[in-house]
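Novice: Here's my sequence, what's the structure:
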Amino acid sequence: MSRLIEIREEDIFNGATYGQIRSTSSSYSTAANGSSMTFSEGGNRFGQDLLFSNYNIYQTFWRIDLSSIPQGGFFRDVRLYLSWGVIAEDTDFTLEIYQFDWGSTITTADWRTPSQLGTLRSGGKLLGETFTSGRSLGDAVLIPDTNLTSLFTTAYEAGDPYFYGVIASREQRNSSAPTDTEFQDLSSTVNNFGEVWMELDIEHAGNIVTLNGELC
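Specialist: Residues are numbered from 1 along each chain as shown. Coordinates of the predicted model:
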């Protein structure tokens, strides 16, 4: 028996509960470590670019409400999908998704530097990663599971109200400066619940629970 639980926009992405931070500078190292940062509520760009002699770096922060998942049982599998937007990059790159608890409100203090991204990775917080090549507008891209199922299970069993994360690029973590456009936006796709840009499918005690957020 399959059970679908809908998580509406106000539960996941209401107000400043998800969005994008941009850091910019004429110096790549300065931009990578956080400079002239701006938060865009509802933004979902990740990666980096070089535009008019300025480096722009983007990270997307999100959270998923765990309160509607039935208590008890166990998780067999957790699958994360991202809905691909317009293919913007001139240079393909690797996106990385990490578990990162940014609290109740996103601020520019949540920006992750290359060193901090490296700490998340070495600390086992990588949920999954994938290369951007070969994608098309509207594709539902399955992110290969690195530690997603185990970290999601740990958060749920600990009674955490939310499961948090950040999307960044491997190139930023490696302090590899772009020479052109090297970012990606997410877009809406249509599933049982309407338009969504991120979906988490959970096989919980033999039932399927789908958590998803509408595009604001």
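Novice: I'd guessed residue 149 sits against residue 99; true?
Specialist: No - the criterion here is CB atoms under 8 Å, and residue 149 misses it with residue 99 at 11.8 Å. For the C-beta atoms, the positions are set from N, CA and C on the backbone; glycine is no exception.
Novice: and the residue nearest in space to the middle of the chain, what does it touch?
Specialist: In the chain, the centroid-proximal residue (CA atoms, centre = their mean) is residue 167; its distance is 3.8 Å. Each residue near residue 167 by CB atoms under 8 Å, 6 or more residues apart in numbering is listed here: 46, 59-62, 95-97.
Novice: mind checking which helix or strand of this protein has the lowest mean pLDDT?
Specialist: helix 9-12 (a mean of 34; mean pLDDT, DSSP states H and E).
Novice: right, and the helix or strand after it?
Specialist: Heading C-terminal from helix 9-12, the first helix or strand you meet, by DSSP states H and E, is strand 19-25.
Novice: what does that next one contact?
Specialist: Here strand 19-25 makes contact (CB under 8 Å, 6+ apart) with 31-46, 54-61, 106, 108, 110-111.
Novice: quick one: strands adjacent to it?
Specialist: The strands beside strand 19-25 in its sheet (DSSP bridges) come out as strand 38-41 (antiparallel), strand 54-65 (antiparallel).
Novice: Comparing these, which stretch has the densest surroundings?
Specialist: strand 54-65 (a mean of 23; mean count of other CB atoms under 10 Å).
Novice: re earlier: in JSON lines, list the contacts of residue 167 along with distance to residue 20.
Specialist: Below are these laid out as JSON lines (distance: CB to CB, whole Å):
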{"residue": "46", "distance to residue 20": "8"}
{"residue": "59", "distance to residue 20": "7"}
{"residue": "60", "distance to residue 20": "5"}
{"residue": "61", "distance to residue 20": "7"}
{"residue": "62", "distance to residue 20": "10"}
{"residue": "95", "distance to residue 20": "13"}
{"residue": "96", "distance to residue 20": "15"}
{"residue": "97", "distance to residue 20": "14"}
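Novice: Perfect, that will be all.
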